[in-house]
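> Dropping a prediction and its sequence here:
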Amino acid sequence: MNNRPTIKDVAAQAGVSTAAVSKVFNNTGRISEPTRLRVLDAADRLGWSPSASASALRRARTHTVAMVVRRPTDVLGTDPHFSELITGLESELSPRGYGLLLHLAGDVREETALYERLAAENRVDAAVLTEHRADDPRPPLLERLGLPAVLLGTAHREGVVEAVRHLLDLGHRRIGYVSGPTELVHTRFRQQVFEDALAGAGLTPAAVVHTDFTEAAATAATGQLLAREPRPTAIVYANDSMAVCGIGAAQRAGLSVPGELSVVGYDNLPLGRWIHPRLTTVDQHVRQAGAAAARTLLTQCGEVVPTGPPAEHPRLVVRESTGSA
């Protein structure tokens, strides 16, 4: 008979589950320091250590990259931004045999637990992080879990500054801003750039409304701005989907765009070219950013990837939704 100790023996000796023992020796998941020490002491007294073959199996490549999006399903389904991002990621992952595992999470605790489970079950090799948040716990978490990661959403000034300068050149002086959730780093950054650009012209925003990315919220925010006296002559939106909703809300209120209200979006998604009037927007090259992120991850996973072009800085694309004040 084989009398060598097993992981079950260690778990019983330490008074924990076998999963807890696995987490301690694989350095994955949340384990308290007293529990970790108890497990290590039990393993030492029993003379147990993980088998090399089992450890190698756990470290086997999955050729899968995780992307957890903290958005409700209805919001994700109506936001083309993620379709463009996924297209960019897949353009580099798929040809090299890697797959993208997409999950939705309702809050930070659910997202954290999901990453811990994916790592503990060795289901992914790396992760794509979207929408950087203030005091974001995900980068240190993934570092602790041993998962390579890339954080998307690098903030740039150029696009917002160009948008404000364009509206100022058209004679607008009452410019409103419909922003995203305040916990997002890019939301705060873009709003600050917007306000600084106006301040450089001796102006302040007509109003700033913070909201989420749903159609209903964007429509309500537009109505709130249009109800002000005097109302804004131009509105800048945090993304194209919100801007399209804003155009619809303005038109239903009897305003012509751009005759009585100019509208600027952010993303340069295809839908901006399909509506009437076509949307003036900031192109942040979403597909390029996704492709560049995928190349970075593949390199971190040990793949030899040809160097591709970096994502371009955002730039303003002027169309028909903006006009003279």
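Alright, I've got the coordinates.
> State the helix or strand in which the nearest residue to residue 90 once chain neighbours are set aside lies.
Excluding the flanking residues, the one nearest residue 90 by C-beta to C-beta, 6 or more residues apart in numbering is residue 100, at 6.1 Å. C-betas here are computed from N, CA, C, even on glycine. For residue 100, the enclosing helix or strand under DSSP states H and E is strand 99-104.
> For that strand, buried residues please.
Neighbour counts over strand 99-104 (16 or more other C-beta atoms under 10 Å) mark residue 100 as buried.
> got the buried residues for the helix or strand encompassing residue 113?
In this assignment (DSSP H and E), residue 113 forms part of helix 108-120. Across helix 108-120, burial judged by 16+ other C-beta under 10 Å covers 111, 112, 115, 116, 118, 119, 120.
> Now compare those and name the two farthest from each other.
Greatest spacing in those, by C-beta to C-beta: 111 and 120 (15.1 Å).
> Not counting sequence-adjacent ones, nearest residue to residue 318?
residue 280 (5.3 Å).
> Now do the one you found against residue 312, distance only.
Relative to residue 312, residue 280 is positioned 18 Å away (criterion: C-beta to C-beta, to the nearest Å).
> can you tell me which residues contact residue 35?
Applying C-beta atoms under 8 Å, 6 or more residues apart in numbering to residue 35 gives the contacts 14, 16, 20, 24.
> switch to 6 Å and redo it
Residues near residue 35 by C-beta atoms under 6 Å, 6 or more residues apart in numbering: none.
> Check which helix or strand it maps to.
Using DSSP H and E, residue 35 sits in helix 33-46.
> what residue ranges in the stretch 101-250 of the chain are flagged as low confidence?
For the stretch 101-250 of the chain, the stretches with pLDDT under 70 are 154.
> 50 - rerun?
The stretch 101-250 of the chain contains no residues with pLDDT under 50.
> Do a quick rundown of the strands in it.
Along the stretch 101-250 of the chain, counting by DSSP state E, counting those that start in this stretch, strands occupy 126-129, 149-151, 175-179, 207-210, 234-237.
> what helices or strands is the last one leaning on?
Packed against strand 234-237 by the contact rule (3 or more C-beta pairs under 6 Å, 6 or more residues apart in numbering; DSSP states H and E) you find strand 175-179, helix 240-252, strand 262-267.
> so of the ones you listed, which one's packed in deepest?
Comparing those by mean neighbour count (mean count of other C-beta atoms under 10 Å), strand 262-267 ranks first with a mean of 27.
> what angle do that strand and strand 175-179 make?
Interaxial angle, strand 262-267 versus strand 175-179 (axes from the mean of the first three to the mean of the last three C-alpha atoms, to 10 degrees): 30 degrees.
> List phi and psi for the residue nearest the centre of the chain.
For the chain, the residue nearest the mean C-alpha position is residue 130 (1.9 Å; C-alpha atoms, centre = their mean). The phi/psi pair for residue 130 (degrees, to the nearest 10) reads phi -110, psi 160.
> neighbours around the nearest residue to it once chain neighbours are set aside, how many?
Among residues not flanking residue 130 along the chain, residue 152 sits closest, at 5.2 Å (C-beta to C-beta, 6+ apart). Here the count is done by other C-beta atoms under 10 Å, and residue 152 has 20 residues near it.
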